[in-house]
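1. Kindly return the folded structure for what I paste below:
(2 chains)
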Amino acid sequence: MTKRMKCEKTKDLLVDYLIQDLDPGEYQRVESHLKTCKTCRNALEEMKETLHLLDLAQPPLLGPGFTKQVTTDIEEIEKEPIPTPKESLWKKWSNILPSYRLKPLPVFASIIIVCIGVFIYFTYFSPKTEIIPKKIEVTFFRPLTLKTGDLTSALSAARAAIHLFKGEIAAEETRASGVRLTVKIPVEKEADFLETLKDLGTLSIEGHYKNKQGQIVILFINTL
Amino acid sequence: MSTRYDYDEDRELVENAQNGKQEAFEMLVEKYKQGIFNKCYFHLPGNKNLAVEASHMTFIKAFKAIKKFRAEAAFYTWLYRIAENTCKDIIKEKKKKETIFLNEGDILKNEEDGPKREIFIHEETPQDNLEKEEISETVQNCIKNLSEKLRSVILLHYYEKLKYKDIAKNLNIPEGTAKKRAHAAVKNLQECFRKKGLLK
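-> Now for the predicted structure:
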(Lines give C-alpha, C1' and ligand atoms only; values in the text may rest on other atoms or scores of the structure.)
Protein backbone atom coordinates (compact mmCIF):
# COMPACT_ATOMS: atom_id res chain seq x y z
CA MET A 1 0.00 0.00 0.00
CA THR A 2 1.44 3.41 -0.96
CA LYS A 3 1.80 6.16 1.65
CA ARG A 4 -0.95 8.17 -0.02
CA MET A 5 -3.37 5.24 0.15
CA LYS A 6 -2.40 4.70 3.81
CA CYS A 7 -3.18 8.36 4.51
CA GLU A 8 -6.59 8.15 2.82
CA LYS A 9 -7.47 5.02 4.79
CA THR A 10 -6.27 6.55 8.06
CA LYS A 11 -8.23 9.78 7.51
CA ASP A 12 -11.38 7.73 7.00
CA LEU A 13 -10.80 6.04 10.34
CA LEU A 14 -10.00 9.14 12.38
CA VAL A 15 -13.54 9.67 13.71
CA ASP A 16 -13.78 6.05 14.75
CA TYR A 17 -10.30 6.31 16.25
CA LEU A 18 -11.38 9.29 18.35
CA ILE A 19 -14.69 7.81 19.46
CA GLN A 20 -13.01 4.41 19.89
CA ASP A 21 -15.08 2.37 17.48
CA LEU A 22 -12.18 0.47 15.87
CA ASP A 23 -11.16 -3.14 16.29
CA PRO A 24 -7.74 -3.55 18.00
CA GLY A 25 -5.93 -4.28 14.71
CA GLU A 26 -7.22 -1.14 13.01
CA TYR A 27 -6.55 0.96 16.09
CA GLN A 28 -2.94 -0.23 16.12
CA ARG A 29 -2.47 0.54 12.41
CA VAL A 30 -3.87 4.09 12.78
CA GLU A 31 -1.65 4.78 15.80
CA SER A 32 1.54 3.61 14.13
CA HIS A 33 0.72 5.56 10.95
CA LEU A 34 0.05 8.76 12.94
CA LYS A 35 3.50 8.50 14.54
CA THR A 36 5.18 8.70 11.14
CA CYS A 37 2.77 10.99 9.18
CA LYS A 38 2.54 14.72 9.91
CA THR A 39 -0.32 15.25 7.37
CA CYS A 40 -2.47 12.73 9.18
CA ARG A 41 -1.59 14.22 12.56
CA ASN A 42 -2.88 17.56 11.23
CA ALA A 43 -5.98 15.81 9.96
CA LEU A 44 -6.43 14.32 13.43
CA GLU A 45 -6.32 17.80 14.97
CA GLU A 46 -8.89 19.00 12.45
CA MET A 47 -11.07 16.01 13.27
CA LYS A 48 -10.85 16.82 17.00
CA GLU A 49 -12.07 20.34 16.18
CA THR A 50 -14.86 18.91 14.06
CA LEU A 51 -16.02 16.70 16.91
CA HIS A 52 -15.80 19.64 19.29
CA LEU A 53 -18.11 21.58 16.96
CA LEU A 54 -20.48 18.64 16.88
CA ASP A 55 -20.39 18.64 20.69
CA LEU A 56 -21.49 22.28 20.69
CA ALA A 57 -24.56 21.30 18.70
CA GLN A 58 -25.37 18.38 21.01
CA PRO A 59 -29.15 18.24 21.34
CA PRO A 60 -30.50 18.74 24.86
CA LEU A 61 -31.55 15.65 26.79
CA LEU A 62 -35.20 14.81 27.18
CA GLY A 63 -36.31 14.28 30.75
CA PRO A 64 -38.74 11.70 32.19
CA GLY A 65 -41.58 14.23 31.77
CA PHE A 66 -41.65 13.38 28.10
CA THR A 67 -42.41 9.69 28.63
CA LYS A 68 -45.03 10.61 31.25
CA GLN A 69 -46.79 12.93 28.81
CA VAL A 70 -46.79 10.29 26.06
CA THR A 71 -48.14 7.72 28.55
CA THR A 72 -50.93 10.07 29.69
CA ASP A 73 -51.92 10.74 26.08
CA ILE A 74 -51.89 7.04 25.26
CA GLU A 75 -54.18 6.36 28.23
CA GLU A 76 -56.56 8.97 26.83
CA ILE A 77 -56.49 7.26 23.44
CA GLU A 78 -57.21 3.91 25.10
CA LYS A 79 -60.28 5.39 26.77
CA GLU A 80 -61.67 6.68 23.49
CA PRO A 81 -64.51 4.53 22.16
CA ILE A 82 -63.46 2.42 19.21
CA PRO A 83 -65.22 3.85 16.17
CA THR A 84 -67.55 1.33 14.63
CA PRO A 85 -66.67 0.62 11.03
CA LYS A 86 -69.09 2.03 8.48
CA GLU A 87 -71.79 -0.52 7.69
CA SER A 88 -71.87 -1.80 4.15
CA LEU A 89 -75.09 -1.62 2.10
CA TRP A 90 -75.20 -5.41 2.15
CA LYS A 91 -75.14 -5.54 5.93
CA LYS A 92 -77.83 -2.87 6.14
CA TRP A 93 -80.13 -5.00 4.00
CA SER A 94 -79.23 -8.05 6.04
CA ASN A 95 -80.25 -6.22 9.19
CA ILE A 96 -83.59 -5.23 7.70
CA LEU A 97 -84.36 -8.93 7.32
CA PRO A 98 -82.92 -10.27 10.57
CA SER A 99 -84.66 -13.64 10.42
CA TYR A 100 -83.15 -14.32 7.00
CA ARG A 101 -79.63 -13.31 7.87
CA LEU A 102 -78.45 -12.85 4.30
CA LYS A 103 -75.26 -14.46 3.22
CA PRO A 104 -73.82 -13.36 -0.13
CA LEU A 105 -73.03 -16.76 -1.63
CA PRO A 106 -76.36 -18.55 -1.10
CA VAL A 107 -78.28 -15.46 -2.21
CA PHE A 108 -76.34 -15.14 -5.46
CA ALA A 109 -76.71 -18.88 -6.09
CA SER A 110 -80.49 -18.60 -5.60
CA ILE A 111 -80.69 -15.66 -8.03
CA ILE A 112 -78.83 -17.65 -10.69
CA ILE A 113 -81.08 -20.72 -10.21
CA VAL A 114 -84.22 -18.56 -10.55
CA CYS A 115 -82.84 -16.96 -13.75
CA ILE A 116 -82.12 -20.38 -15.29
CA GLY A 117 -85.65 -21.57 -14.35
CA VAL A 118 -87.28 -18.55 -15.96
CA PHE A 119 -85.21 -19.01 -19.11
CA ILE A 120 -86.17 -22.71 -19.43
CA TYR A 121 -89.85 -21.95 -18.83
CA PHE A 122 -90.04 -19.28 -21.50
CA THR A 123 -87.96 -21.31 -23.96
CA TYR A 124 -89.73 -24.67 -23.72
CA PHE A 125 -92.99 -24.48 -21.74
CA SER A 126 -94.65 -21.15 -22.20
CA PRO A 127 -97.79 -21.14 -24.49
CA LYS A 128 -97.00 -19.96 -27.99
CA THR A 129 -98.60 -16.66 -28.64
CA GLU A 130 -99.29 -15.34 -32.09
CA ILE A 131 -97.00 -12.77 -33.40
CA ILE A 132 -99.10 -9.76 -34.14
CA PRO A 133 -97.80 -7.77 -37.06
CA LYS A 134 -97.57 -4.12 -36.45
CA LYS A 135 -99.50 -3.26 -39.66
CA ILE A 136 -102.59 -5.10 -40.83
CA GLU A 137 -103.66 -4.55 -44.40
CA VAL A 138 -107.42 -4.90 -44.84
CA THR A 139 -108.76 -5.19 -48.40
CA PHE A 140 -112.44 -4.81 -49.13
CA PHE A 141 -114.00 -6.78 -51.99
CA ARG A 142 -116.03 -4.56 -54.37
CA PRO A 143 -117.39 -6.10 -57.60
CA LEU A 144 -117.10 -4.13 -60.80
CA THR A 145 -120.29 -2.35 -61.68
CA LEU A 146 -121.28 -1.82 -65.25
CA LYS A 147 -124.26 0.46 -65.74
CA THR A 148 -125.99 0.11 -69.05
CA GLY A 149 -129.30 1.07 -70.74
CA ASP A 150 -129.44 -2.21 -72.65
CA LEU A 151 -128.68 -5.09 -70.29
CA THR A 152 -129.26 -7.91 -72.78
CA SER A 153 -126.90 -6.48 -75.40
CA ALA A 154 -124.24 -5.69 -72.81
CA LEU A 155 -124.40 -9.22 -71.42
CA SER A 156 -124.06 -10.84 -74.79
CA ALA A 157 -121.17 -8.54 -75.73
CA ALA A 158 -119.49 -9.40 -72.41
CA ARG A 159 -119.90 -13.13 -73.07
CA ALA A 160 -118.33 -12.70 -76.47
CA ALA A 161 -115.40 -10.79 -74.99
CA ILE A 162 -114.87 -13.49 -72.32
CA HIS A 163 -114.76 -16.03 -75.02
CA LEU A 164 -112.39 -13.88 -77.07
CA PHE A 165 -109.96 -13.46 -74.18
CA LYS A 166 -110.02 -17.18 -73.52
CA GLY A 167 -111.87 -16.84 -70.26
CA GLU A 168 -114.89 -18.61 -68.85
CA ILE A 169 -117.93 -17.76 -66.82
CA ALA A 170 -117.74 -19.43 -63.40
CA ALA A 171 -121.17 -18.26 -62.23
CA GLU A 172 -124.11 -16.17 -63.37
CA GLU A 173 -126.78 -14.92 -60.96
CA THR A 174 -129.75 -12.78 -61.74
CA ARG A 175 -130.63 -10.33 -58.98
CA ALA A 176 -133.11 -7.56 -58.53
CA SER A 177 -130.48 -4.96 -59.21
CA GLY A 178 -129.18 -6.77 -62.31
CA VAL A 179 -127.00 -9.72 -63.31
CA ARG A 180 -123.87 -10.81 -61.47
CA LEU A 181 -121.19 -12.56 -63.49
CA THR A 182 -118.18 -14.32 -61.97
CA VAL A 183 -115.57 -14.62 -64.65
CA LYS A 184 -112.22 -16.29 -64.92
CA ILE A 185 -109.89 -14.43 -67.29
CA PRO A 186 -106.17 -15.16 -67.86
CA VAL A 187 -104.14 -12.56 -65.98
CA GLU A 188 -102.31 -11.26 -69.07
CA LYS A 189 -105.69 -10.53 -70.74
CA GLU A 190 -107.31 -8.80 -67.75
CA ALA A 191 -106.41 -5.23 -68.76
CA ASP A 192 -107.77 -5.66 -72.32
CA PHE A 193 -110.91 -7.28 -70.94
CA LEU A 194 -111.56 -4.32 -68.66
CA GLU A 195 -111.05 -1.89 -71.59
CA THR A 196 -113.65 -3.84 -73.55
CA LEU A 197 -116.11 -3.65 -70.65
CA LYS A 198 -115.75 0.14 -70.61
CA ASP A 199 -117.18 0.21 -74.15
CA LEU A 200 -120.31 -1.60 -72.95
CA GLY A 201 -121.48 1.01 -70.48
CA THR A 202 -120.30 3.01 -67.45
CA LEU A 203 -117.77 0.86 -65.65
CA SER A 204 -116.81 1.74 -62.10
CA ILE A 205 -113.96 0.15 -60.24
CA GLU A 206 -114.15 0.81 -56.47
CA GLY A 207 -111.50 -1.42 -55.05
CA HIS A 208 -110.61 -5.07 -55.12
CA TYR A 209 -112.88 -6.62 -57.72
CA LYS A 210 -111.65 -10.22 -57.46
CA ASN A 211 -113.01 -12.84 -55.08
CA LYS A 212 -110.89 -15.27 -53.01
CA GLN A 213 -110.45 -17.52 -56.01
CA GLY A 214 -109.07 -14.69 -58.10
CA GLN A 215 -112.13 -14.49 -60.30
CA ILE A 216 -113.45 -11.14 -61.55
CA VAL A 217 -116.93 -10.34 -60.33
CA ILE A 218 -119.02 -7.96 -62.48
CA LEU A 219 -122.40 -6.59 -61.59
CA PHE A 220 -124.45 -5.55 -64.65
CA ILE A 221 -126.98 -2.91 -63.66
CA ASN A 222 -129.79 -1.88 -65.93
CA THR A 223 -130.25 1.89 -65.76
CA LEU A 224 -133.61 1.90 -67.55
CA MET B 1 -25.89 9.48 27.35
CA SER B 2 -25.56 6.20 25.60
CA THR B 3 -28.65 4.39 24.46
CA ARG B 4 -28.39 0.69 23.72
CA TYR B 5 -30.61 -0.23 20.84
CA ASP B 6 -31.15 -3.94 21.37
CA TYR B 7 -32.79 -5.47 18.31
CA ASP B 8 -33.95 -8.71 20.00
CA GLU B 9 -35.24 -6.98 23.11
CA ASP B 10 -37.26 -4.70 20.83
CA ARG B 11 -39.02 -7.64 19.25
CA GLU B 12 -40.30 -8.82 22.59
CA LEU B 13 -41.36 -5.33 23.65
CA VAL B 14 -43.11 -4.71 20.35
CA GLU B 15 -44.93 -8.04 20.59
CA ASN B 16 -46.11 -7.21 24.09
CA ALA B 17 -47.16 -3.72 23.01
CA GLN B 18 -49.11 -5.24 20.13
CA ASN B 19 -50.86 -7.49 22.64
CA GLY B 20 -52.03 -4.43 24.54
CA LYS B 21 -49.36 -4.20 27.24
CA GLN B 22 -48.99 -0.46 27.64
CA GLU B 23 -45.91 -0.69 29.85
CA ALA B 24 -44.05 -2.41 27.00
CA PHE B 25 -44.76 0.56 24.77
CA GLU B 26 -43.64 2.92 27.55
CA MET B 27 -40.33 1.09 27.66
CA LEU B 28 -39.94 1.60 23.92
CA VAL B 29 -40.67 5.32 24.37
CA GLU B 30 -38.09 5.58 27.15
CA LYS B 31 -35.54 3.72 25.04
CA TYR B 32 -35.92 5.71 21.82
CA LYS B 33 -37.15 9.13 22.91
CA GLN B 34 -33.70 10.69 22.77
CA GLY B 35 -32.85 9.22 19.37
CA ILE B 36 -36.13 10.42 17.89
CA PHE B 37 -35.78 13.82 19.55
CA ASN B 38 -32.24 14.18 18.15
CA LYS B 39 -33.56 13.31 14.71
CA CYS B 40 -36.32 15.94 14.98
CA TYR B 41 -33.95 18.45 16.56
CA PHE B 42 -31.71 18.43 13.51
CA HIS B 43 -34.63 18.24 11.12
CA LEU B 44 -36.24 21.31 12.68
CA PRO B 45 -33.19 23.35 13.74
CA GLY B 46 -33.62 26.35 15.94
CA ASN B 47 -36.84 25.16 17.49
CA LYS B 48 -36.45 22.81 20.44
CA ASN B 49 -40.13 22.95 21.40
CA LEU B 50 -41.22 22.02 17.93
CA ALA B 51 -38.76 19.11 18.00
CA VAL B 52 -40.27 17.91 21.29
CA GLU B 53 -43.74 18.20 19.80
CA ALA B 54 -42.68 16.26 16.70
CA SER B 55 -41.18 13.51 18.89
CA HIS B 56 -44.35 13.37 20.95
CA MET B 57 -46.49 13.08 17.82
CA THR B 58 -44.19 10.37 16.50
CA PHE B 59 -44.77 8.14 19.52
CA ILE B 60 -48.52 8.74 19.52
CA LYS B 61 -48.68 7.79 15.82
CA ALA B 62 -46.53 4.74 16.51
CA PHE B 63 -48.81 3.67 19.37
CA LYS B 64 -51.87 3.95 17.16
CA ALA B 65 -50.22 1.95 14.39
CA ILE B 66 -48.24 -0.56 16.42
CA LYS B 67 -50.53 -3.46 15.48
CA LYS B 68 -49.73 -2.86 11.81
CA PHE B 69 -45.99 -3.12 12.41
CA ARG B 70 -44.84 -6.40 10.83
CA ALA B 71 -41.32 -6.50 12.28
CA GLU B 72 -39.80 -6.93 8.82
CA ALA B 73 -37.39 -4.11 9.70
CA ALA B 74 -36.07 -2.95 13.07
CA PHE B 75 -38.56 -1.10 15.25
CA TYR B 76 -36.26 1.91 15.29
CA THR B 77 -36.22 2.05 11.46
CA TRP B 78 -40.00 2.13 11.47
CA LEU B 79 -40.13 4.74 14.23
CA TYR B 80 -37.50 6.81 12.45
CA ARG B 81 -39.61 6.89 9.29
CA ILE B 82 -42.65 8.02 11.24
CA ALA B 83 -40.53 10.81 12.76
CA GLU B 84 -39.24 11.74 9.31
CA ASN B 85 -42.78 12.12 7.95
CA THR B 86 -43.97 13.95 11.05
CA CYS B 87 -41.16 16.50 10.76
CA LYS B 88 -41.88 16.99 7.06
CA ASP B 89 -45.56 17.57 7.85
CA ILE B 90 -44.66 20.08 10.54
CA ILE B 91 -42.40 21.99 8.13
CA LYS B 92 -45.19 22.04 5.52
CA GLU B 93 -47.69 23.24 8.10
CA LYS B 94 -45.25 25.89 9.30
CA LYS B 95 -44.72 27.17 5.76
CA LYS B 96 -48.48 27.40 5.27
CA LYS B 97 -48.87 29.40 8.48
CA GLU B 98 -46.01 31.69 7.50
CA THR B 99 -47.69 32.36 4.15
CA ILE B 100 -50.90 33.25 5.97
CA PHE B 101 -49.01 35.57 8.32
CA LEU B 102 -47.30 37.19 5.35
CA ASN B 103 -50.60 37.66 3.63
CA GLU B 104 -52.03 39.27 6.71
CA GLY B 105 -48.99 41.51 7.04
CA ASP B 106 -48.25 40.01 10.45
CA ILE B 107 -44.85 39.74 12.05
CA LEU B 108 -43.17 36.40 11.45
CA LYS B 109 -42.14 34.38 14.44
CA ASN B 110 -39.30 32.24 13.26
CA GLU B 111 -38.19 31.02 16.65
CA GLU B 112 -39.93 29.11 19.38
CA ASP B 113 -43.37 29.30 17.90
CA GLY B 114 -44.13 25.69 18.67
CA PRO B 115 -46.16 24.41 21.59
CA LYS B 116 -44.44 24.91 24.89
CA ARG B 117 -43.12 21.62 26.24
CA GLU B 118 -39.93 23.05 27.66
CA ILE B 119 -40.37 21.24 30.97
CA PHE B 120 -39.20 18.06 29.22
CA ILE B 121 -35.81 19.43 28.28
CA HIS B 122 -32.87 19.32 30.67
CA GLU B 123 -30.56 22.15 29.85
CA GLU B 124 -27.41 20.71 31.39
CA THR B 125 -25.18 23.57 30.27
CA PRO B 126 -27.24 26.66 29.49
CA GLN B 127 -25.39 28.36 26.68
CA ASP B 128 -25.61 32.00 27.60
CA ASN B 129 -22.64 32.70 25.48
CA LEU B 130 -24.01 34.23 22.29
CA GLU B 131 -21.00 33.16 20.26
CA LYS B 132 -21.44 29.56 21.33
CA GLU B 133 -25.10 29.66 20.42
CA GLU B 134 -24.32 31.04 17.00
CA ILE B 135 -21.74 28.31 16.41
CA SER B 136 -24.20 25.68 17.59
CA GLU B 137 -26.84 26.98 15.19
CA THR B 138 -24.40 26.92 12.26
CA VAL B 139 -23.42 23.34 13.10
CA GLN B 140 -27.08 22.36 13.36
CA ASN B 141 -27.74 23.81 9.93
CA CYS B 142 -24.77 21.93 8.47
CA ILE B 143 -26.16 18.69 9.94
CA LYS B 144 -29.63 19.53 8.67
CA ASN B 145 -28.26 20.04 5.17
CA LEU B 146 -26.79 16.55 5.05
CA SER B 147 -28.77 14.02 3.06
CA GLU B 148 -31.17 11.96 5.16
CA LYS B 149 -29.04 8.82 4.71
CA LEU B 150 -25.86 10.49 5.97
CA ARG B 151 -27.62 12.41 8.72
CA SER B 152 -29.27 9.33 10.22
CA VAL B 153 -25.90 7.56 10.45
CA ILE B 154 -24.05 10.49 11.97
CA LEU B 155 -26.76 11.03 14.56
CA LEU B 156 -26.68 7.41 15.65
CA HIS B 157 -22.93 7.11 15.50
CA TYR B 158 -21.95 10.37 17.07
CA TYR B 159 -24.79 11.48 19.30
CA GLU B 160 -26.20 8.08 20.18
CA LYS B 161 -22.75 6.48 20.36
CA LEU B 162 -23.94 3.39 18.49
CA LYS B 163 -21.45 0.93 17.03
CA TYR B 164 -21.57 0.36 13.27
CA LYS B 165 -23.06 -3.11 13.62
CA ASP B 166 -25.97 -1.67 15.67
CA ILE B 167 -26.46 1.22 13.23
CA ALA B 168 -26.59 -1.35 10.42
CA LYS B 169 -29.25 -3.40 12.21
CA ASN B 170 -31.36 -0.43 13.12
CA LEU B 171 -31.25 1.21 9.73
CA ASN B 172 -31.53 -2.06 7.85
CA ILE B 173 -28.29 -1.54 5.91
CA PRO B 174 -25.01 -3.50 5.69
CA GLU B 175 -22.28 -2.58 8.22
CA GLY B 176 -19.92 -1.49 5.42
CA THR B 177 -22.54 0.93 4.11
CA ALA B 178 -23.01 2.39 7.59
CA LYS B 179 -19.24 3.02 7.82
CA LYS B 180 -19.03 4.59 4.36
CA ARG B 181 -21.98 6.86 5.12
CA ALA B 182 -20.46 7.95 8.43
CA HIS B 183 -17.15 8.83 6.75
CA ALA B 184 -18.92 10.69 3.94
CA ALA B 185 -21.04 12.57 6.48
CA VAL B 186 -17.96 13.73 8.40
CA LYS B 187 -16.27 14.89 5.18
CA ASN B 188 -19.38 16.83 4.15
CA LEU B 189 -19.66 18.41 7.58
CA GLN B 190 -16.00 19.48 7.54
CA GLU B 191 -16.54 21.12 4.15
CA CYS B 192 -19.59 22.93 5.49
CA PHE B 193 -17.71 24.04 8.63
CA ARG B 194 -14.88 25.37 6.46
CA LYS B 195 -17.31 27.32 4.29
CA LYS B 196 -18.90 28.84 7.39
CA GLY B 197 -15.46 29.72 8.77
CA LEU B 198 -15.67 27.32 11.71
CA LEU B 199 -12.66 25.32 10.49
CA LYS B 200 -9.46 26.60 8.95
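2. Worst mean pLDDT across the helices and strands of chain A, which element?
-> helix A:89-96 (a mean of 64; mean pLDDT, DSSP states H and E).
3. Is there proximity between the host helix or strand of residue B:33 and chain A?
-> Per DSSP states H and E, residue B:33 falls inside helix B:22-43. Yes - Helix B:22-43 reaches chain A (Cβ under 8 Å from any Cβ of the partner chain) through B:22, B:25, B:26, B:29, B:30, B:33, B:34, B:37, B:38, B:41, B:42. Where you see a C-beta, it was placed from the backbone N, CA and C, and this is true even at glycine.
4. Would you agree residue B:41 is in contact with residue B:48?
-> Yes - between residue B:41 and residue B:48 there is a contact under Cβ atoms under 8 Å: 6.9 Å.
5. Between those two, which is the more surrounded one?
-> residue B:41 (29 against 22; other Cβ atoms under 10 Å in any protein chain shown).
6. can you pull the contacts of the more buried one?
-> By Cβ atoms under 8 Å, 6 or more residues apart in numbering or on different chains, the contact list for residue B:41 reads A:59, A:60, B:48, B:51, B:140.
7. Against residue B:91, how distant is the fourth one?
-> Separation of residue B:51 from residue B:91 (Cβ to Cβ, to the nearest Å): 12 Å.
8. which residues are common contacts for the two?
-> With contacts taken as Cβ under 8 Å, 6+ apart, the residues that reach both residue B:51 and residue B:91 are B:43, B:44.
9. between those two, which one's more packed in?
-> Remark: of residue B:51 and residue B:91, residue B:51 carries more neighbours, 29 against 14, as counted by other Cβ under 10 Å.
10. Now do the same contact list for that one.
-> A:59, B:37, B:40, B:41, B:43, B:44, B:114 are the contacts of residue B:51 under Cβ under 8 Å, 6+ apart.
11. Quick check: the two most widely separated of those residues?
-> Pairwise distances across the contacts of residue B:51 (Cβ to Cβ) peak at 15.0 Å, for the pair A:59 and B:114.
12. Let me see the contact set for residue 154.
-> Because you didn't say which chain, this covers chain A. Applying Cβ under 8 Å, 6+ apart to residue A:154 gives the contacts A:146, A:148, A:200, A:201, A:220.
13. That was the other one, I meant chain B.
-> B:143, B:146, B:181, B:182, B:185, B:186, B:189.
14. Below-threshold pLDDT in chain B: ranges please.
-> Within chain B, the stretches with pLDDT under 70 are B:1-6, B:98-130.
15. Now the residue nearest to the spatial centre of it: closest residue in space that isn't a chain neighbour?
-> In chain B, the residue lying closest to the centroid (Cα atoms, centre = their mean) is residue B:39, at 1.0 Å. Spatial nearest neighbour of residue B:39, excluding adjacent residues (Cβ to Cβ, 6 or more residues apart in numbering or on different chains): residue B:83 at 5.2 Å.
16. Correct me if wrong: the one you found contacts residue B:44.
-> No - using Cβ under 8 Å as the test, residue B:83 is too far from residue B:44 to be in contact (10.6 Å).
17. Would you mind listing the buried residues in whichever helix or strand residue B:85 is part of?
-> Taking DSSP H and E as the definition, one finds residue B:85 inside helix B:75-103. Neighbour counts using 16 or more other Cβ atoms under 10 Å in any protein chain shown place B:75, B:76, B:78, B:79, B:80, B:82, B:83, B:84, B:86, B:87, B:90, B:94 of helix B:75-103 among the buried residues.
18. what's the most distant pair in these?
-> Largest separation among the buried residues of helix B:75-103 by Cβ to Cβ: B:75 and B:94, giving 28.3 Å.
19. Now the closest residue to chain B within chain A. Its backbone dihedrals?
-> Residue nearest to chain B within chain A: residue A:57 (3.7 Å; Cβ to the nearest Cβ). Backbone geometry at residue A:57, expressed as degrees, to the nearest 10, gives phi -100, psi 10.
20. Now do the contacts for it.
-> Counting by Cβ under 8 Å, 6+ apart, residue A:57 has contacts B:135, B:136, B:139, B:140, B:143.
21. The helix or strand containing the second one: which residues count as buried?
-> Meaning residue B:136. Of the helices and strands defined by DSSP H and E, residue B:136 is found in helix B:130-144. Residues B:135, B:136, B:138, B:139, B:140, B:142, B:143 are the ones in helix B:130-144 that count as buried (16+ other Cβ under 10 Å).
22. can you give me the offset of it from its chain's centre?
-> 16 Å (Cα atoms, centre = their mean, to the nearest Å).
23. how about the residue in chain B that chain A sits nearest to, what does it touch?
-> Nearest residue of chain B to chain A, counting by Cβ to the nearest Cβ: residue B:139, 3.7 Å away. Each residue near residue B:139 by Cβ under 8 Å, 6+ apart is listed here: A:53, A:54, A:56, A:57, B:193, B:198.
24. ok but residue A:182 is inside a strand, no?
-> Yes - assigned with DSSP: H, G, I helix; E, B strand; the rest coil, residue A:182 falls within a strand.
25. Distance check, it against residue A:60.
-> 127 Å.
26. Residue A:180 now?
-> Relative to residue A:60, and taking Cβ to Cβ, residue A:180 is found at 130 Å.
27. try residue A:221
-> 131 Å.
28. so what does the host helix or strand of residue A:172 touch, helix or strand wise?
-> Using DSSP H and E, residue A:172 sits within strand A:168-174. Applying 3 or more Cβ pairs under 8 Å, 6 or more residues apart in numbering or on different chains; DSSP states H and E, we find strand A:168-174 packed against helix A:151-164, strand A:178-184.
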